[in-house]
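>>> task: produce atomic coordinates for the following.
(chains A, B, C, D, E and F)
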4 protein chains.
Amino acid sequence: MNRPRRTDPGRRERILDAVLDLIARDGSAGATYRSVAEAADVPMGSMTYHFPTRDDMLLAAFGRLAEQMQERFDQIMAEPLEGEDPRERVVQLIATHGAGYGRDMVLSAELYALAVRDERYRVLIQSWMERSRASLRRHFSADAAPVIDALHEGLVLHSHISTEPFDVDRVRSAVYRLIEPAPIPPADVPAQETP
Amino acid sequence: MNRPRRTDPGRRERILDAVLDLIARDGSAGATYRSVAEAADVPMGSMTYHFPTRDDMLLAAFGRLAEQMQERFDQIMAEPLEGEDPRERVVQLIATHGAGYGRDMVLSAELYALAVRDERYRVLIQSWMERSRASLRRHFSADAAPVIDALHEGLVLHSHISTEPFDVDRVRSAVYRLIEPAPIPPADVPAQETP
Amino acid sequence: MNRPRRTDPGRRERILDAVLDLIARDGSAGATYRSVAEAADVPMGSMTYHFPTRDDMLLAAFGRLAEQMQERFDQIMAEPLEGEDPRERVVQLIATHGAGYGRDMVLSAELYALAVRDERYRVLIQSWMERSRASLRRHFSADAAPVIDALHEGLVLHSHISTEPFDVDRVRSAVYRLIEPAPIPPADVPAQETP
Amino acid sequence: MNRPRRTDPGRRERILDAVLDLIARDGSAGATYRSVAEAADVPMGSMTYHFPTRDDMLLAAFGRLAEQMQERFDQIMAEPLEGEDPRERVVQLIATHGAGYGRDMVLSAELYALAVRDERYRVLIQSWMERSRASLRRHFSADAAPVIDALHEGLVLHSHISTEPFDVDRVRSAVYRLIEPAPIPPADVPAQETP
DNA sequence: GATGAATGAGCTTTCATTCAT
DNA sequence: CATGAATGAAAGCTCATTCAT
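Got it, this is the predicted structure:
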C-alpha cells in the first residue's frame, strides 16, 4: 500500500534477479512484466520504464546471468595450481556443475533455447564461450580448449537429464584421455599458443 | 469455409508435425492451439478433442520428435561397417548434426529447456539417450558410450552457437583421443561388454 | 474402457441423481453434459439421446427432486397423530429441514432461482406447493395452510443462512401463535374445508 | 468505435448495475464479462482491471444489491408512525414486495442460490438480515423480529411463485396473529428490548 | 437405438504495452 | 522521472450440440 521508494538504487539488479528466479521456476514464459514486478516489489507501470519491452528485460537478465556464470567458471579455473595436474580442475568443474546447480542448468537451457533462434541471445553465449575458452587456454592448448568446453557442456547437460548417479571416475578418465598429458605450465603464463 | 472433413486419417500426425514446425520457428510458446490449428488446417475446436490440454499436445509432439531423431541416430550408427574404424562413424554423426540440421537443434534445445524442469519431458530424453548409448555400445565399451554421447551433444550444441566454421579435423582428433583404438569388432556382434 | 451396458435399466434415474448431486455441489451451471455423463458413468454421446437439450435434463432432474421432497413432506405430515397437537408436526417439519438437509436446501434455492425466471420450473414448484398445502389442510384450515407453508419456507431458508443456532422454542412459539388452537380433527378426516 | 473515455467516473457503478440487470434477465450465468462489458459500454479488456475475476464482479454486484435493498426496507420501516399499529407496516412491506418488484425477487433468488453454497455470499445476506431485524426491533420484540422476517420472506417468495392473486387480507390476518398486539411504542424509542 | 467423433461459439483470464499525469 | 489506469489482442479451455455409423 505505501511504498515510498523515492530513490531505489539497485532496483534494476533486483528486477533482473527476479526475472532469473522466475525463469528458473517457470521458464522464460513465466517471467511476465506482472510476475516480475510483484517478485521484485516494483510497480508494474515502472517495468516498461526500465525495460521498454519484455524482450529487453529478458535479454538484460540473461546478460546478467552470463556474467555471473563466467565469473564462477573463471574462479575455478583461474586459481593458481601448485604442481597439480590442470586436468583435475576440469574434472572438478564438471563435477561441480554436474551434481547440483540445478538453477543454473535450467537457466542455461532456457538461454540455449533462445540462442539457437535469436542472434541477440546467441552473442551472449558466444562471448561467454570465448571467455571460458580463454580460461582454459591458460592451461591447455588452443586446440584442446573448445573440445574440453564441449565435453564439459555435454557431460553436465546429460548428468542433469540422466537418472544415473554422477560418476566422477568416468569423467576423470574421459578428461584425461581427451587431453594429452601436457607439461604443467608455470602459473604466470597467461595463455598457451598453439605452436 | 466448407471443410466437411468428416473422416480425416493422419490428422493427429499432421497436427504434431505442425506443432514441431511452429516450435522450430517460434519456440514452444509459439505453438498455441490457434497457430497449430491454422497450420494444420484443423478447426480450433477440434484441437482440444485430440489433445485436451496444450501440454498434452506439446508432450506428444516432442514424443514424436524423439522417435524421429532416435531413428536417424540409429540409422547412421547401425549400418555395418566393413573394416572401417567405428570412431569414424561418430565423427560423421557429429559433423552431420553440427553442420546443418538447424531445425532439429532448435527443437532439441526447446526440449531440453522443458526437460530440466519437467519430469515428463525428461523421460523422453532419457529413453532416447538410452537408445543412443545402446547404438554406441555396438561398437564401443559400455563405459565409453555415455562419454561419446556427451561429447557429441556438446560439440553439436556449441557448433550451432559458435561463429567459427565447423572443424571436422578437430572433432576427429578429439574423438580418436577420447576413444581407445579398440579392435574393430566383427559386424555381427550386437554389443560389446566391458571386460 | 469396456463398458458393455447393452441394456441399462435405471440409467435415466441414475443420470438424474447425478444431475442433482452436481447441482448440489456446483450449482446449476455445474451440471454439464460432460460432468453428468462422467458422474453417472454414461457415455457422453448418449446424454443427448436421453435428454435432447441440457435444459430438458435440468427440468427432469428438478421434477424428480420435487417428487422426492413432496414425498418426504407428506410422510411427516400424513402420519396419524393420536391426541397430539397437529401444530407440533409443523414445528417438527421446520426443525427437521432447518437443521441439516443442506443438500435439499441448495437444490431448492437453485430451483427457486430458475423458477422466478422460467415458467416451466415455476409449475414444478406450484404443484409441489399445492400438495404441501393439501397435506396441511388435513390438519388446518384452508386459509391457514398457505401461511404455514410460507412461514415454514422462510424459517428454513433463514436458518440455513443465519449463523445463530436453530431455536426450536422460538419456532414453536411462532407456529402456535400463527395457528389458532383448532380442535384436533379425527385422523380419518382427509382434509378440512373452510366453512 | 472511438471511445476515448480516458477518465470515466462512475464506471464501476455502471458496470455493477449492468451486472444486476443481466442477472435479473438471464441469471447469474448470464452476466459474463462479455455481456456486461457490452451492456455497460466498457471495453472488455477493462473489465478485469476493475474486477480481476468474474466472481469478484458478481460479489461486488450483489453487495451493491444488498445495500440497495436494505435501504428500501429501512425506509418503509423507519418512517415514524402516528398512532398507527406498527404491524400494518409489516403488512405493507409484504404487500409491496409480494406484488411486483419482480426484478428484486429474481436477484434475491439468485443471491440465495449462491449463498447456500458460498460463505462469501452468505455474509452478504447475513448483514442484510441483521439490519432488517434491527429495523423490526424498533417496533417489535427481539424475539419476534426474526420470525416476522421469516414470514415476510416466505410470503413474498411464494407470492412470486404462486398463480393465485396476492391476498392482502390473509397476510394481514397472519401478521396480526403472529405478533402479539404490543402497545404502540412512542416514535422516538429506538428499539424495544424483550422484558 | 446408442454413441464416438467432431466443432462453432463463447468463456474467463492473462498480458504487453500505451499514455496522461 | 515514474506510475496507475487502461485496453486490444490473444490465449487456453469448456461446452452444448450435431451427426455418421
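
>>> any idea how far chain D is from the residue nearest the centre of chain A?
The structure's chain A has its C-alpha centroid closest to residue A:69; by C-alpha atoms, centre = their mean the separation is 3.4 Å. In this structure, residue A:69 and chain D are 38 Å apart, going by C-beta to the nearest C-beta, to the nearest Å. Every C-beta, even on glycine, is put in place using the N, C-alpha and C of the backbone.

>>> quick check, that residue in contact with residue A:104.
Yes: taking contacts as C-beta atoms under 8 Å, residue A:69 lies within contact range of residue A:104: 6.4 Å.

>>> so stretch A:70-83, near chain B or not?
No: on the criterion C-beta under 8 Å from any C-beta of the partner chain, stretch A:70-83 is out of touch with chain B, staying 14.6 Å away.

>>> list the buried ones in that stretch?
A:70, A:73, A:77 (16 or more other C-beta atoms under 10 Å in any protein chain shown).

>>> stretch A:173-181 now?
In stretch A:173-181, counting by 16+ other C-beta under 10 Å, buried: A:173-175, A:178-179.

>>> do the same with stretch A:132-146
A:132-133, A:135-141, A:144-146.

>>> mind checking the end-to-end distance for it?
9 Å (C-alpha to C-alpha, to the nearest Å).

>>> is it in proximity to chain B?
Yes: judged by C-beta under 8 Å from any C-beta, stretch A:132-146 comes into contact with chain B at A:143, A:146.

>>> mean confidence for that stretch?
Stretch A:132-146 carries an average pLDDT of 90.

>>> export the buried residues of stretch A:70-83 to JSON lines and append columns for distance to residue A:168.
Below are the buried residues of stretch A:70-83 laid out as JSON lines (distance: C-beta to C-beta, whole Å):
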{"residue": "A:70", "distance to residue A:168": "24"}
{"residue": "A:73", "distance to residue A:168": "19"}
{"residue": "A:77", "distance to residue A:168": "18"}
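
>>> quick one: the strands in chain A, in order.
Using DSSP state E, chain A contains no strands.

>>> what are the ranges of the helices in it?
A:11-26, A:33-40, A:44-50, A:54-78, A:86-98, A:102-115, A:119-137, A:144-161, A:168-178 (DSSP state H).

>>> and these, which is most packed in?
Comparing the helices of chain A by mean neighbour count (mean count of other C-beta atoms under 10 Å in any protein chain shown), helix A:144-161 ranks first with a mean of 24.

>>> domain-wise, how is chain A divided?
A:1-52, A:58-195 (automatic domain parsing).

>>> just the buried residues of stretch A:70-83 that are near DNA strand F?
Restricting those to those touching DNA strand F (C-beta under 7 Å from any atom of the strand) yields no residues.

>>> picking up where we left off before, of the buried residues of stretch A:132-146, which is the nearest to DNA strand E?
residue A:132 (31.1 Å; C-beta to the nearest atom of the strand).

>>> list the contacts for the closest one?
Residues in contact with residue A:132 (C-beta atoms under 8 Å, 6 or more residues apart in numbering or on different chains) are A:70, A:73, A:149.

>>> can I get those residues in a markdown table with distance to residue B:156 and pLDDT?
Shown next, in a markdown table, are these (distance: C-beta to C-beta, whole Å; pLDDT from 0 to 100):
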| residue | distance to residue B:156 | pLDDT |
| --- | --- | --- |
| A:70 | 22 | 88 |
| A:73 | 21 | 84 |
| A:149 | 13 | 95 |
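
>>> where does pLDDT dip in chain A?
Scanning chain A for pLDDT under 70 picks out the ranges A:1-7, A:181-195.

>>> return the residues of it in contact with DNA strand F.
So far as C-beta under 7 Å from any atom of the strand goes, chain A lies against DNA strand F at A:5, A:7-8, A:42-46, A:48-49.

>>> filter those residues by proximity to DNA strand E?
A:44-45, A:48.

>>> how close does the residue of chain A found nearest DNA strand F get to chain D?
Taking C-beta to the nearest atom of the strand, DNA strand F has its nearest neighbour within chain A at residue A:45, 2.0 Å off. Applying C-beta to the nearest C-beta, the value for residue A:45 to chain D is 13 Å.

>>> same thing with residue A:86?
58 Å.

>>> and for residue A:157?
40 Å.

>>> same question, residue A:145
Taking C-beta to the nearest C-beta, one finds residue A:145 at 53 Å from chain D.

>>> leaving out sequence neighbours, find the closest residue to residue A:171.
residue A:94 (5.3 Å; C-beta to C-beta, 6 or more residues apart in numbering or on different chains).

>>> thought the one you found was touching residue A:156?
Yes: contact criterion C-beta under 8 Å: residue A:94 and residue A:156 qualify, at 6.1 Å.

>>> circling back to that earlier point, output the helices of chain A as CSV; include the columns distance to residue D:162.
Shown next, in CSV, are the helices of chain A (distance: least, C-beta to C-beta, whole Å):
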stretch, distance to residue D:162
helix A:11-26, 57
helix A:33-40, 52
helix A:44-50, 54
helix A:54-78, 60
helix A:86-98, 78
helix A:102-115, 66
helix A:119-137, 72
helix A:144-161, 71
helix A:168-178, 85
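
>>> out of the ones you listed, nearest to residue D:54?
helix A:33-40 (19.0 Å; C-beta to C-beta).

>>> relative to the whole chain's centre, how far out is that closest one?
Taking C-alpha atoms, centre = their mean, to the nearest Å, one finds helix A:33-40 lying 24 Å from the centre of the chain it belongs to.
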